[in-house]
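Novice: Fold the stuff below for me.
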Amino acid sequence: MKVGDLVEYTRDIPTSFAEFQRKLKKNDIGLITDELANGTTVRVKWFKNDNEFWMGKNHLEVVSGRKETESS
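Specialist: Just a heads-up that it's a prediction; the model follows:
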(Lines give C-alpha, C1' and ligand atoms only; values in the text may rest on other atoms or scores of the structure.)
Protein backbone atom coordinates (compact mmCIF):
# COMPACT_ATOMS: atom_id res chain seq x y z
CA MET A 1 0.00 0.00 0.00
CA LYS A 2 1.28 3.41 -0.91
CA VAL A 3 0.08 6.99 -1.37
CA GLY A 4 -2.26 7.16 -4.37
CA ASP A 5 -3.66 3.62 -4.03
CA LEU A 6 -7.40 3.04 -4.01
CA VAL A 7 -8.38 0.96 -0.99
CA GLU A 8 -11.48 -0.86 0.17
CA TYR A 9 -12.60 -1.22 3.79
CA THR A 10 -12.89 -4.95 4.51
CA ARG A 11 -14.49 -5.21 7.96
CA ASP A 12 -18.18 -6.02 8.50
CA ILE A 13 -18.23 -4.02 11.73
CA PRO A 14 -16.05 -0.96 12.47
CA THR A 15 -13.31 -1.77 15.00
CA SER A 16 -12.74 1.72 16.40
CA PHE A 17 -14.90 4.59 17.53
CA ALA A 18 -13.48 6.77 14.73
CA GLU A 19 -14.53 4.22 12.10
CA PHE A 20 -17.97 3.86 13.71
CA GLN A 21 -18.49 7.62 14.04
CA ARG A 22 -17.65 8.13 10.35
CA LYS A 23 -20.05 5.30 9.40
CA LEU A 24 -17.56 3.16 7.50
CA LYS A 25 -19.08 0.06 6.01
CA LYS A 26 -17.65 -2.96 4.26
CA ASN A 27 -16.64 -2.26 0.61
CA ASP A 28 -16.36 1.54 1.09
CA ILE A 29 -13.70 2.93 -1.26
CA GLY A 30 -11.08 5.53 -0.42
CA LEU A 31 -7.79 7.00 -1.61
CA ILE A 32 -4.57 6.89 0.43
CA THR A 33 -3.34 10.48 0.73
CA ASP A 34 -0.48 10.11 3.24
CA GLU A 35 1.49 7.49 5.17
CA LEU A 36 3.31 7.65 8.50
CA ALA A 37 7.02 6.88 8.55
CA ASN A 38 6.40 3.68 10.55
CA GLY A 39 4.46 2.26 7.58
CA THR A 40 1.55 0.90 9.62
CA THR A 41 -0.81 3.88 9.46
CA VAL A 42 -2.24 5.67 6.43
CA ARG A 43 -4.49 8.68 5.88
CA VAL A 44 -7.50 7.75 3.75
CA LYS A 45 -9.95 10.08 1.99
CA TRP A 46 -13.28 8.25 1.70
CA PHE A 47 -15.35 8.95 -1.40
CA LYS A 48 -18.70 8.10 0.23
CA ASN A 49 -18.74 10.99 2.68
CA ASP A 50 -15.59 13.03 1.87
CA ASN A 51 -14.09 12.28 5.32
CA GLU A 52 -10.35 11.95 5.66
CA PHE A 53 -8.66 10.39 8.68
CA TRP A 54 -5.77 8.22 9.85
CA MET A 55 -6.22 4.49 10.28
CA GLY A 56 -4.24 1.26 10.35
CA LYS A 57 -3.71 -0.84 7.25
CA ASN A 58 -5.16 -3.99 8.89
CA HIS A 59 -8.69 -3.57 7.54
CA LEU A 60 -7.84 -2.13 4.14
CA GLU A 61 -7.27 -3.90 0.85
CA VAL A 62 -5.87 -2.37 -2.32
CA VAL A 63 -8.45 -2.30 -5.11
CA SER A 64 -6.97 -3.70 -8.29
CA GLY A 65 -9.23 -3.74 -11.28
CA ARG A 66 -12.77 -4.89 -11.87
CA LYS A 67 -14.37 -7.45 -9.57
CA GLU A 68 -16.42 -10.31 -10.93
CA THR A 69 -20.04 -10.49 -9.80
CA GLU A 70 -22.81 -12.98 -10.44
CA SER A 71 -24.40 -10.70 -13.02
CA SER A 72 -21.22 -10.21 -15.05
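
Novice: okay, CA-based contacts and neighbour counts for the rest of this
Specialist: Will do.

Novice: For this protein, which segments are assigned as strands?
Specialist: 6-9, 29-35, 41-46, 52-56, 60-62 (DSSP state E).

Novice: Among the ones you listed, which comes closest to residue 18?
Specialist: strand 52-56 (8.5 Å; Cα to Cα).

Novice: Run through who's touching that closest one.
Specialist: 40-46 (Cα atoms under 8 Å, 6 or more residues apart in numbering).

Novice: how about 10 Å then?
Specialist: 16, 18-19, 22, 30-36, 39-46 (Cα atoms under 10 Å, 6 or more residues apart in numbering).

Novice: With stretch 32-47 instead?
Specialist: Against stretch 32-47 from outside (Cα under 10 Å, 6+ apart): 1-9, 22, 24, 28-31, 50-58, 60, 62.

Novice: Quick check: mean pLDDT of that stretch?
Specialist: The average pLDDT for stretch 32-47 rounds to 92.

Novice: Do me a favour and get the end-to-end distance for it?
Specialist: Length of stretch 32-47, first residue to last, Cα to Cα, to the nearest Å: 11 Å.

Novice: Quick check: buried residues in that stretch?
Specialist: For stretch 32-47, burial by neighbour count (16 or more other Cα atoms under 10 Å) applies to 32-35, 42-46.

Novice: Please tell me how far that stretch is from the chain's geometric centre.
Specialist: Remark: stretch 32-47 is offset 9 Å from the chain centroid, using Cα atoms, centre = their mean, to the nearest Å.

Novice: next one: stretch 20-38
Specialist: Worked out by Cα atoms, centre = their mean, stretch 20-38 lies 3 Å from the chain centre.

Novice: Perfect, that will be all.
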